[in-house]
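Structure, please.
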Amino acid sequence: MTTKSNEHAKLWELNPAWDLLTTGEKAYVESESEYVSYHKNEIIHHEGDTPTHMMTLISGKIRLYKEGVGMKPQIIRMLKPYDFFGYRAVIAGDEYNSCASAFETSLVCRVNREAFLEIVQQNNRFCFRMMEEMAKDLAISELRTVNLTQKHIRGRLAESLLSLKQSYGLDEDEVTIAIYISREDLANMSSMTTSNAIRTLSQFAQEGIISLDGKKIKLLKEDELIKISQMG
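Numbers count the residues shown, from 1 in each chain. The predicted structure follows:
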């Protein structure tokens, strides 16, 4: 479902990067924006699509992934509210190099490609902020590539759990990761089979590092997870 921007909070009230725009630029972006609601598992864009918008996640959670061998997805990143996505391909004039889908019901603000590029070209502070965002994304991507190719199963799974905690935080009990994630999705984040993810999670639970309650995962000994991740 698509709705107009005047029905939602302003972008610059949600992400400080947008507050770098002038009053006129904000009005222009608002006129060139739309808000789209996606159902759980609905595709937002496919790998190889030509981008028409840059996007900001407003609420919900989104997974970025690549289709691997046998169409098995490799989750690259999990997005949290107010994260940007889709902008690299817009700036580069390139096709999307990954897929995006809603991990749960999600609301996305889409800014028209031409309007976004015009703002990037005329607002130096905003342009520099976009460069910073791309540099951070590149650093994360490079680190994940090294970790997934060099770490053993336990190290990869520990890193994924820590990454989820960093992205989504903890529930009020201060130990439960604030996201319900299936074993399959966790395996896809960690570049392993679902059976290996289940087995390794059970090992962590037996060692008292975590506890499991359905899709809820409690981090009981985060320092041990950090050690396992660092040791690889």
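
From the contact counts, what lies against the biggest helix by length in the chain?
Counting residues, the longest helix found in the chain (DSSP state H) is helix 124-150. When contacts are defined as 3 or more CB pairs under 8 Å, 6 or more residues apart in numbering; DSSP states H and E, helix 124-150 packs onto strand 73-79, helix 87-92, helix 113-122, helix 153-168. In short, each C-beta sits where N, CA and C put it, glycine included.

Pull out the buried residues from it.
Buried residues in helix 124-150, counted by 16 or more other CB atoms under 10 Å: 126, 129, 130, 133, 137, 144, 147, 148.

The first one contacts residue 21, correct?
Read that as residue 126. Yes - at 6.1 Å, residue 126 counts as touching residue 21 under the criterion of CB atoms under 8 Å.

thinking again about what came up before, what's the closest of the helices and strands packed on helix 124-150 to residue 105?
strand 73-79 (14.0 Å; CB to CB).

Give me the helices and strands touching that closest one, please.
strand 62-67, helix 124-150, helix 153-168, helix 183-189.

Same list (the ones you listed) but as CSV, adding distance to residue 216 and mean pLDDT.
Shown next, in CSV, are the helices and strands packed on strand 73-79 (distance: least, CB to CB, whole Å; pLDDT from 0 to 100):
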stretch, distance to residue 216, mean pLDDT
strand 62-67, 19, 90
helix 124-150, 24, 85
helix 153-168, 12, 92
helix 183-189, 12, 92
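
what would these look like in CSV with distance to residue 224?
Output for the helices and strands packed on strand 73-79, formatted as CSV (distance: least, CB to CB, whole Å):
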stretch, distance to residue 224
strand 62-67, 27
helix 124-150, 18
helix 153-168, 8
helix 183-189, 18
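
Can you say which of those is nearest to residue 206?
Closest among the helices and strands packed on strand 73-79, using CB to CB: helix 153-168, at 12.7 Å.

In the sheet, which residues pair with the spatially most central residue of the chain? Tell me.
Centroid-nearest residue in the chain: residue 79, 2.0 Å away (criterion: CA atoms, centre = their mean). Following DSSP bridges, residue 79 is listed with bridge partners residue 62.

If you average the pLDDT over the helix or strand hosting residue 13, what comes out?
Assigned by DSSP states H and E, residue 13 belongs to helix 11-14. Averaging pLDDT along helix 11-14 yields 89.

rewinding a little: same list (the helices and strands packed on helix 124-150) but as JSON lines, adding distance to residue 223.
Shown next, in JSON lines, are the helices and strands packed on helix 124-150 (distance: least, CB to CB, whole Å):
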{"stretch": "strand 73-79", "distance to residue 223": "23"}
{"stretch": "helix 87-92", "distance to residue 223": "35"}
{"stretch": "helix 113-122", "distance to residue 223": "42"}
{"stretch": "helix 153-168", "distance to residue 223": "11"}
